[in-house]
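Fold the following for me, if possible:
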Amino acid sequence: MPKFLQKRWHGYQSVWAVMLLLLLVILISWYNWILGAASLFLVGIVSLSMVQAERRFRKELEEYVVNLSFRIQRIEGEVVSTLPFGIVLYGEDRTVEWHNNYVSHMFDSESLIGTPLAELFPKLPSPSRDWDGKMLSKETVTEITHGDSTFELTILHDERLIYIRDITEFAVVRNKYEDEKLAIGIIMMDNIDEAAQGMDDQQRTALIAKVATRIIEWGKQYNVYLRRLSSDRYLMLLNQKMLKELEHSRFVILDEVREMTADLKVPLTLSIGLAFGSDSITELGELAQSSLDMALGRGGDQAAVKAGQRLSFYGGKSNAVEKRTRVRARVIAHALRDLMQESDRVIVMGHRMPDMDVLGASIGVVKAAQMYNVESHIVLDRPNPSIQNMLDLIEKEEQIASSFVTPEQAFQMMTEHTLLVVVDTHKASMTMEPKLVHEASRVVVVDHHRRGEEFINDAVLVYMEPYASSASELVTELLQYIHEKVKINALEATTLLAGITVDTKHFSLHTGSRTFEAASFLRRNGADPILVQRMLKEDLEEYIEKAEIIKRTKMIYGNIALAVVEPDHKVPQLTIAQVADTLLNMTDVYASFVISQRPDGLIGISARSLGKMNVQVVMERLGGGGHLTNAAAQLNCTLAEAEQKLLEVLAEIDKEEGLFE
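Below you'll find the model as predicted:
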C-alpha cells in the first residue's frame, strides 16, 4: 500500500481522537471554564493540522492516479502487442484495420493494415445469414494452415474481431491419432471360377499362387498386414494413413492383377472392401464385409471404402463377368416361389418413368404369381410415352390389363402379408412410389444395375446381377425355375423380349450367352420379334427433334460427345437417352453425354459409353447412377449449371486417373 494511503488511514484514526478530545473539553469546561478554554485552543490547533494533512493527501492522491494512468497507458499497447495470440480488427469491407505484433510475426510483415481478409485467410468463411440478412451465428471457429503451423481462428462477427491461436502441437497429436486409427479390409478374387475355367488343379493352383504373390508384394509395398483366410480371400489390417496412400494410388493392385492375367480367356479380377472410422473392431469388420458386398454388387473389379457416411469407389473399369452356372437363379426362384405362396397378394413396382424393361419384368413376375393362384398387380402411374405402343397392345389382353393399379390403389391393398417386388432398381427413392417400399413388410429386389450407395437394406430377398443385360433377362431365368411347367402366352413372352431388346440396343451391347439363352426361351414360347419392332417404332417428329439435338453436339477430350439442348426446350428423358445412344454410334466417339430440361422441370443427363470409360462413376458424382456403359442423373438446377458440373466431374476424373486409360 502506498505510504500516503497508510497516512490516510492514520488520519482517520486522528479524527476519532479529536472527537474524543472534544468530549473531554466539554467535561472539563463543565467543572472549570478556563481550563476548558485552554483545551479548546489545543483542539483547534490539532484540527488545523488535520485540514492541512487532508490537503496534502488529496494532492498526493491526484499525483498517484495521474502517474498510474500514465504507466497503464504506456504498457497497455506493449501488453496487447506482446500477447501470445493474434488479434485482428477488420472493417465492413473485410480489410484489416488493426492487428497486434503476433500477426506481424505470423505473416512476417510489419503492417498488414488495408490487406483484404481473403488474401490473408483464403478459406475464411463468411458469416451465414438468414433471409432477412441477419447473422445466424455471432461466432465462427475455424482452422487454417500457414507454413508449417496450424492456427485456430475465432471470428466475432458483431465486433469484426478475429482471435488467432497457434494449435500446431495439438494438430500434430490429433493428426497422429487419426493416422493411427485402425482400418480393416477384405480382398477377394471375385471371378476365380470363371478365370480358371478349363484349367486342371495344377494350373488353377499356379494361377492363384501367381496372383497371391503379387497381392503380398503389394501389401508389403504399402505396409499393409495381410492374412490369408482362404484360397481366394485375404484379411487386411492397416491404419488410416496407409489407407490414404492406397486411395491416392487408386488401388493400383486392381489394374495389375487384371493386366497380369489378361492372356486368360476371362482375366482374373479382385474386389476389395475397406472400412475405418469406428472405434469398435467388430463394427469395422462388419462394415468391411458390407463394403465388399457393395463392390461385388457393382460387378467386382473395384474397391469400396466405407468411412463414416462417406462411401468411395475405385476401379470398376471392366464389365461384370457373366456367371457360368444358374445355381443362384434356381435358388432365388425357389425362394421367391415360397414367398409368393405365403403372401395374400403380390405387388410389382419399377422405377419412375417406366420403360419396356420395367414393364416386361413386371409382367413376368405377375405371371409367376398367377401360376400359384396368388393375386398380383403392377403399379403404373403416368407412363412413359416410350411404352405407349406396348400398353396399347396389352390393353387387348384383359388378363394382363386388369392387373395394373395406381400407387394409391396399391397402398390401400397393402397388408402385412403382401409381398412387394421391386424390379429394375434397388433405390427406394427411384421407385414409382417410395412410400410403398417403406410400408411393405416384405420386399424383394430384382435388378441388373451396379449397386449404389442407396439400397433397400431390409429386403427379404435380393437378386442383383450386374452382368445381366436387363431385369427382363433375370425374370425370364427365374420363370424357368419357379414352376415345373412354365406356360406363358405370346404377348407375355414378347413383352419380356422387348425389355431385353431395348436394354441391349437390339442385342448389340451388354449381352452374354445367358442373354441369348433367355431370348431363345422366350422365342420358343411365342415371342414375336416383329411385334417388338412395332412396339419400338418411332414418330417422325420425334426423330427430327433428336436430329436437332445432335446438331448441337460438340467433342470434348477428343472422344467424348456432349450435346446440350437449347434452353426452354423441354425434352423427355427417353429422347435424351436415345440421342446419347445415337451419338455413341458415331466414329471415334467412346462416350456420349446429353443434357436437357425435362417436362417435369428437372435437368436430365444421359450418359453412354463403349466400355473404355465408366460413365456410372461420372453420374454417381452428380447424384445419379447406372451401369459402366449406361447411366443417368437428374439435377435440380439450370442447364448451364448442369453442364458446368458435368465438365468439373470429367476434369476431376481425368486428373485422377485419365478418362480413357
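
What count of nearby residues applies to residue 583?
Residue neighbour count, defined by other CB atoms under 10 Å, stands at 23 for residue 583. (Each C-beta comes from the backbone N, C-alpha and C, glycine too.)

Helix, strand or coil: sort out the closest residue to it other than its chain neighbours for me.
The shortest distance from residue 583 to any residue that is not its chain neighbour, by CB to CB, 6 or more residues apart in numbering, is 3.8 Å, and that residue is residue 592. Classification of residue 592 using DSSP: H, G, I helix; E, B strand; the rest coil returns strand.

what's the answer for the one 4 residues further on, then?
For residue 596, the assignment made with three-state DSSP gives strand.

Now for it, how many residues are close by?
Using other CB under 10 Å as the criterion, residue 596 is surrounded by 25 other residues.

can you pull the buried residues of stretch 639-654?
Using 16 or more other CB atoms under 10 Å as the test for burial, stretch 639-654 gives 639, 642, 643, 645, 646, 649, 650, 653.

so which of those residues comes closest to residue 571?
Nearest to residue 571 among the buried residues of stretch 639-654: residue 639, at 11.1 Å, using CB to CB.

mind listing what the closest one touches?
For residue 639, the contacting residues are 564, 565, 567, 595, 596, 597, 603, by CB atoms under 8 Å, 6 or more residues apart in numbering.

Leaving out sequence neighbours, find the closest residue to the fifth one.
Once flanking residues are discounted, residue 596 sits nearest to residue 565: 3.6 Å by CB to CB, 6+ apart.

now do residue 359
Distances taken as CB to CB, 6+ apart place residue 387 nearest to residue 359, at 5.6 Å, with adjacent residues excluded.

now the residue nearest to residue 583: how far from residue 584?
Here the distance between residue 592 and residue 584 works out to 5 Å (CB to CB, to the nearest Å).

Find residues that contact each of the two.
A shared contact of residue 592 and residue 584, defined by CB under 8 Å, 6+ apart, is any residue touching both; here these are 561, 608, 609.

so what pLDDT did the second one get?
We note a pLDDT of 92 for residue 608 in this prediction.

Distance-wise, check it relative to residue 592.
Distance from residue 608 to residue 592, counting by CB to CB: 5 Å.

more crowded one of these two?
residue 608 (29 against 25).

pLDDT-wise, what's the bottom of the contacts of residue 639?
Taken together, the contacts of residue 639 show their lowest pLDDT at residue 567, with 86.

for that one, what are its contacts?
For residue 567, the contacting residues are 597, 639, by CB under 8 Å, 6+ apart.

what do you get if the cut-off is 7 Å, keeping everything else the same?
Taking CB atoms under 7 Å, 6 or more residues apart in numbering as the criterion, residue 567 is in contact with residue 639.

Repeat that for residue 109.
With contacts defined as CB under 7 Å, 6+ apart, residue 109 is in contact with no residue.

does it sit in a helix, a strand or a coil?
Taking three-state DSSP as the rule, one finds residue 109 in the coil state.

which regions of the stretch 101-250 of the chain lie under the pLDDT threshold?
Scanning the stretch 101-250 of the chain with the threshold set as pLDDT under 70 gives 128-136.

redo that, cut-off 80
Flagging of the stretch 101-250 of the chain using pLDDT under 80 yields the residue ranges 123-138.

what does the stretch 351-500 of the chain give?
Using pLDDT under 80 as the threshold, the predicted model of the stretch 351-500 of the chain has low-confidence ranges 382-386, 450-453, 457, 484.

What segments of it are strands?
Counting by DSSP state E, counting those that start in this stretch, the segments of the stretch 351-500 of the chain that form strands are 375-379, 404-405, 418-423, 442-447, 461-464.

Dump the ones you listed into JSON lines; add distance to residue 218 and mean neighbour count as well.
Compiled in JSON lines, those are given as follows (distance: least, CB to CB, whole Å; neighbours: other CB atoms under 10 Å):
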{"stretch": "strand 375-379", "distance to residue 218": "48", "mean neighbour count": "22"}
{"stretch": "strand 404-405", "distance to residue 218": "54", "mean neighbour count": "18"}
{"stretch": "strand 418-423", "distance to residue 218": "39", "mean neighbour count": "27"}
{"stretch": "strand 442-447", "distance to residue 218": "33", "mean neighbour count": "24"}
{"stretch": "strand 461-464", "distance to residue 218": "29", "mean neighbour count": "20"}
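
Great, nothing more from me.
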